[in-house]
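Undergrad: What would the 3D arrangement of this be:
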Amino acid sequence: MQRILLKVSAVFLLLLGAAPCDATVFGTVRVIVHDPQHRPVQGAAVRVKAAASSWTQTEATNDEGIAEFSTVPAGDYQVSVAAKSFAAESQPVTAISGRLQESHFQLRPATVEHNITVTAETTAVNPTSSTPQQSADRTEIARTPGAERANSLSFITDFTPGAVVVHDQLHVRGGHQVTWALDGVALPNTNIGSNVGPQFDPKDVEYMEQQRGAYSAEFGDRTYGVFNIVPRSGFERNRLAELTMSYGSFHLTDDQLSFGDHSERSAYYLSLAGNRSDYGLETPTDEQLHDQAAGGSVFASAQSNLSARDQLRLAAGFRGDYYQIPNGPAGQAAGVRDRQREQDGFAVFTWARTLDARTLFTLSPFVHFNRAAFEGSPADVPIANDNRASTYAGGQAALSGTRRQHSFRAGIYAFAQHDEHRFSVLANDGSGGALSQRIRPNGALEAVFLDDQYRARPWLTLNAGVRLSHFAGGVNENSADPRLGAAITLPRIGWVLRAAYSRFYQPPPLDTVSGPLLSLAAQQGFGFLPLKGERDEQHNFGVTVPLRGWAADVDYFRAGARNFFDHDVLENSAIFFPLTIDHVRVRGVEVAARSPRLLGRMRARLAYSRQAVEGSGGVTGGLTDFSPPDRGLFFLDHDQRHTLTSALTSDLPWRSWASANVSYGSGFLEGDGPGHLPGHYTLDLSVGKSVGEEWSVAVTATNVTNQRFQIDSSNTFGGSHFHEPRQVYVRLRYRFRY
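TA: Numbering: from 1, shown residues only. Below you'll find the model as predicted:
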């Protein structure tokens with residue numbers, strides 16, 4: 001039987017205590033002010049202002065010349081210092097979630113003019129982190145060709161080394177599992193590869209912060225990457241609404257209406273959006289057959305500073321997506337009309353309490369709902385339907401602070417999950433066979449973490465932590481995972497050397513095979529092994545090189561995984577079932593580089609990865625025929641040796657701009673390998689212009705040369721996938737006050 005299956009019915013998890021953990025949206029900015037003789041300047045007024053909004057905080061320096069801001073959302077800021085008898089100074093700083101950033105000011109005696117001196121523009125380098133980090137703000141996303149589309153993950157892949165979309169799934173560093181955090185709070189999703197729609201509309205993103213491996217104990221269990229989304233808050237608007245309308249190839253339209261406003265102490269943001277296209281998912285041939293997609297979303301965020309000590313933040317959203325499963329010519333002629341429906345909703349509430357000038361407590365309860373429903377058509381043989389809905393409830397609570405050379409965090413994170421999973425197969429070949437199964441699996445995860453960053457010397461930072469996890473579901477497992485790292489700043493040249501050792505435990509899906517499905521699997525020679533959690537060990541070595549405003553980050557990593565999470569699919573359908581592979585080894589070198597402003601108007605960036613993703617051994621969990629494992633190593637289907645994206649954006653005369661993005665891939669695995677598909681490249685272009693204060697227009701073309709190449713020939717969504725064709729669309733934006 002071709003379409004037997006069980007889908008990984010993930011888990012039910014309920015919260016056991018409010019907790020924290022994966023990340024906080026807040027970073028700590030410490031400003032140290034001294035005079036030309038390096039004596040502390042007391043009572044200096046220090047102001048931290050967001051680069052892209054009116055968000056500000058102000059403090060006075062203490063007797064040691066220090067002002068500390070512990071509730072600074074991740075993003076880019078300008079720090080200014082003013083003190084009596086001294087000239088005012090200003091410099092940029094980037095706040096990183098869960099981390100301390102120091103800015104040193106040496107004030108000069110005031111001149112008669114009392115000028116404000118702004119330091120030359122530089123690209124921020126974090127001298128304390130053991131983790132490679134990149135980021136993108138809303139302007140970069142809006143000007144990157146195609147990155148702002150609602151159904152696109154380009155705002156991740158165009159900025160992140162080693163991030164690719166293969167068979168409609170995001171892969172980072174060779175794995176599927178990444179942490180999506182909203183306002184610093186991780187949204188749990190234990191299902192492997194069941195959803196193809198995104199959780200966030202890029203147009204709602206104010207700032208995207210990403211880390212790739214080697215992160216601290218507070219950042220959870222997802223080995224391969226953390227993407228922390230700081231949404232638009234309303235502080236960038238003053239009773240201002242924005243209407244965005246797009247239209248282009250394949251009748252693509254991507255529209256949004258948003259509102260935002262703020263006062264001195266609070267702000268809100270609300271958006272409504274809808275999108276559709278005749279080109280949705282990657283197609284199994286170079287033709288677009290039965291490939292429409294449509295979706296809609298609502299998103300809201302609110303923030304209130306109740307007092308100097310208390311801040312409340314709320315972010316909530318819901319989106320629904322509909323996809324036709326693409327056909328090849330044979331399936332189209334046979335009348336196959338499979339489809340996929342998806343929904344995703346969440347709400348995250350955060351209370352941040354400043355206990356004293358150097359200690360912060362955050363409490364963040366959350367709920368998350370996720371559905372993936374595949375519906376087969378009458379032309380399928382047999383007809384399969386798979387409907388899985390997961391509901392999560394949980395929270396995080398964390399205590400963070402700084403004491404002399406130490407910056408510490410401690411907390412707990414917990415969630416509970418409940419799944420409703422229905423699966424059915426109807427034989428329409430005249431045999432009269434039919435089966436169905438409905439299961440309601442439950443599970444829970446609790447984790448405790450401790451983390452400390454110790455500034456042993458001005459040039460040496462030591463990072464150490466441990467994460468303790470307990471998982472209860474189809475299996476009960478415990479894990480104690482250390483995270484160790486060091487960062488060394490070389491004197492004079494300012495290079496930062498990094499090294500880290502990390503272990504991770506990733507809880508498994510809670511899939512269960514029972515009743516008629518288990519009997520059917522046995523008839524086909526298959527059995528079911530319980531899914532165990534993935535256990536990973538990772539080594540990172542890197543260097544960050546600042547040079548004349550440029551910043552280049554080079555990172556070597558080696559990761560080994562036991563019970564590596566992967567998935568298989570029922571033929572040309574969207575029905576997945578999870579499995580685990582005995583051992584997987586991922587090795588790679590990643591390079592990320594950013595320029596300062598060139599010639600007063602241009603910026604450039606590059607993200608490159610060379611990696612190998614190899615497996616060994618047999619299937620250790622999920623459906624298996626218990627055949628002996630292959631000897632030696634084999635490549636996984638998402639192995640691609642070289643991946644490169646490079647971009648150049650320039651301001652042009654008459655309030656216009658242009659950007660170009662070039663992407664290259666050396667080719668994914670061909671069949672079972674070891675050979676790979678041919679290399680490929682694409683060119684994307686975008687130009688835009690502001691018309692007055694209210695209107696702007698942009699024209700974008702992706703895959704300008706219309707390169708039609710096969711991405712992969714994996715056993716997912718029909719076996720082969722072709723890169724999207726050329727698409728050209730116009731975006732019109734109108735801003736008005738209400």
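Undergrad: ends of stretch 186-201, how far apart?
TA: With C-alpha to C-alpha, to the nearest Å applied, stretch 186-201 spans 17 Å between its terminal residues.
Undergrad: how about the helices in the stretch 1-150 of the chain?
TA: Secondary structure of the stretch 1-150 of the chain (DSSP state H, counting those that start in this stretch): helices at 138-143.
Undergrad: The stretch 251-400 of the chain too?
TA: Assigned by DSSP H, counting those that start in this stretch, the helices in the stretch 251-400 of the chain fall at 329-333.
Undergrad: count of neighbours near Ser663?
TA: 22 (other C-beta atoms under 10 Å). The C-beta positions use only the backbone N, C-alpha and C, and glycine is treated the same way.
Undergrad: Confirm that it lies within a strand, as I assumed.
TA: Yes - the assignment for Ser663, made by DSSP: H, G, I helix; E, B strand; the rest coil, places it in a strand.
Undergrad: So which residues make contact with the helix or strand encompassing Ser646?
TA: Using DSSP states H and E, Ser646 maps to strand 642-652. By C-beta atoms under 8 Å, 6 or more residues apart in numbering, the surrounding residues in contact with strand 642-652 are 140, 143-144, 157-159, 161-162, 164, 601-611, 657-666, 679.
Undergrad: All the helices of the stretch 601-738 of the chain, in order from the start?
TA: Using DSSP H, counting those that start in this stretch, the stretch 601-738 of the chain contains no helices.
Undergrad: what about it, any weak spots by pLDDT?
TA: 714-719 (pLDDT under 70).
Undergrad: What values do phi and psi take at Pro596?
TA: Note on Pro596: its backbone torsions stand at phi -80, psi -170 [degrees, to the nearest 10].
Undergrad: count of residues packed around it?
TA: Using other C-beta under 10 Å, the number of residues around Pro596 comes to 15.
Undergrad: gap between it and Ser304?
TA: Using C-beta to C-beta, to the nearest Å, Pro596 is found at 36 Å from Ser304.
Undergrad: give the contact list for Leu579.
TA: Leu579 is in contact with Leu531, Asp566, His567, Asp568, Val619, Gly621, Gly622, Leu623, Thr624, counting by C-beta under 8 Å, 6+ apart.
Undergrad: now with 6 Å?
TA: Each residue near Leu579 by C-beta atoms under 6 Å, 6 or more residues apart in numbering is listed here: Asp566, Asp568, Val619, Gly622.
Undergrad: Grab the nearest non-local neighbour of the last one.
TA: In other words, Gly622. Ranked by C-beta to C-beta, 6 or more residues apart in numbering and with sequence neighbours excluded, the top spatial neighbour of Gly622 is Leu579, at 3.3 Å.
Undergrad: where along the stretch 551-700 of the chain do the strands fall?
TA: Under the criterion DSSP state E, counting those that start in this stretch, strands of the stretch 551-700 of the chain are mapped to 576-594, 602-624, 634-635, 642-652, 656-665, 680-691, 695-702.
Undergrad: between those strands, which gets nearest to Val381?
TA: strand 576-594 (19.5 Å; C-beta to C-beta).
Undergrad: Direction included, what does the closest one pair up with?
TA: The sheet places strand 576-594 alongside strand 550-569 (antiparallel), strand 602-624 (antiparallel), with pairing taken from DSSP bridges.
Undergrad: Report the buried residues of the last one.
TA: For strand 602-624, burial by neighbour count (16 or more other C-beta atoms under 10 Å) applies to 602-603, 605-611, 613-615, 617-624.
Undergrad: and stretch 721-738, C-alpha only, in PDB?
TA: The C-alpha trace of stretch 721-738 is given here as PDB (Å, rounded to 0.1, in the frame of the first residue of the first chain):
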ATOM      1  CA  HIS A 721      11.700  20.000  -6.500                       C
ATOM      2  CA  PHE A 722      12.600  22.800  -8.800                       C
ATOM      3  CA  HIS A 723      13.600  26.300  -7.900                       C
ATOM      4  CA  GLU A 724      10.900  29.000  -8.200                       C
ATOM      5  CA  PRO A 725      10.600  30.700 -11.600                       C
ATOM      6  CA  ARG A 726      11.200  34.300 -12.200                       C
ATOM      7  CA  GLN A 727       8.700  36.600 -10.500                       C
ATOM      8  CA  VAL A 728       8.300  40.300 -10.900                       C
ATOM      9  CA  TYR A 729       6.000  42.300  -8.700                       C
ATOM     10  CA  VAL A 730       5.300  45.900  -7.700                       C
ATOM     11  CA  ARG A 731       4.900  47.000  -4.100                       C
ATOM     12  CA  LEU A 732       3.000  50.300  -3.300                       C
ATOM     13  CA  ARG A 733       3.100  51.700   0.200                       C
ATOM     14  CA  TYR A 734       0.900  54.500   1.500                       C
ATOM     15  CA  ARG A 735       1.300  56.100   5.000                       C
ATOM     16  CA  PHE A 736      -1.400  58.200   6.600                       C
ATOM     17  CA  ARG A 737      -2.400  59.500  10.000                       C
ATOM     18  CA  TYR A 738      -5.600  58.500  11.700                       C
END
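Undergrad: No further queries at this time; thank you.
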